[in-house]
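>>> any chance you can model this:
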Amino acid sequence: MKTTLKLPKCIIYGLPSDSKKDEVQEAIDLNFPNNNSPDLKFLFSVKGRMGKLHWVFQTPPEILKAIYQNKNKMFVNWESHKVKEFLSFRKCTRCQSYDHTTQKCDSHYPYCNFCAKNTCKSTVEAQSHHA
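Numbering: from 1, shown residues only. From the prediction side, this is the model:
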């Protein structure tokens, strides 16, 4: 089985709620003018607090290195915004396994979130079982 390297993902925090993907793309092009990589892809946006928006994008390692050298800051529309590497782990709440969610789980029995046994029948039993 051949494994492929995944490109790093970054998140830009605190953008205005009406920010569009094209505006952020243009800001990345202005902040990193040597970027001509087709690997730069915007994945999704996340609602933040106080009406702010955060954008998650996949980037080549060169841009991630430039972001680190720029003290994890990027300018979008004359405002400085924090940029961090985005790490997200999916965990199934049924089988307690990683890399999938409950919607795509093949397990027929739910497992306890505390001890990973499938014998806990209720939350009361689970709480007393783990106290």
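
>>> name the nearest residue to A66, ignoring sequence neighbours.
F32 (5.5 Å; Cβ to Cβ, 6 or more residues apart in numbering). All C-beta atoms are positioned from the backbone trio N, CA, C, and that covers glycine.

>>> and the one you found, what's its pLDDT?
Predicted confidence (pLDDT) for F32: 80.

>>> now the one 4 residues further on
The predicted structure scores N36 at 71 on the pLDDT scale.

>>> same thing with A66?
The model's pLDDT for A66 equals 87.

>>> count of neighbours near it?
If you count neighbours by other Cβ atoms under 10 Å, A66 ends up with 16.

>>> likewise C120?
C120 has 20 nearby residues by other Cβ under 10 Å.

>>> that one against C112, yeah?
Yes: contact criterion Cβ atoms under 8 Å: C120 and C112 qualify, at 4.1 Å.

>>> partners of V76 in the sheet?
E79 (DSSP bridges).

>>> correct me, but it touches D22?
No: counting by Cβ under 8 Å, D22 is not a contact partner of V76; they are 11.8 Å apart.

>>> higher neighbour count, these two?
Between V76 and D22, counted using other Cβ under 10 Å, V76 has the larger neighbour count: 21 against 9.

>>> which pLDDT does the model give the more buried one?
The model's pLDDT for V76 equals 86.

>>> got the contact list for it?
V76 sits next to 12, 15, 19, 23-24, 27 when contact means Cβ atoms under 8 Å, 6 or more residues apart in numbering.

>>> now the strands for this protein?
Using DSSP state E, the strands found in the chain span residues 9-16, 41-47, 52-58, 73-76, 79-85.

>>> possible to save the ones you listed as a markdown table with distance to I67?
Below are the strands of the chain laid out as a markdown table (distance: least, Cβ to Cβ, whole Å):
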| stretch | distance to I67 |
| --- | --- |
| strand 9-16 | 7 |
| strand 41-47 | 15 |
| strand 52-58 | 11 |
| strand 73-76 | 7 |
| strand 79-85 | 5 |
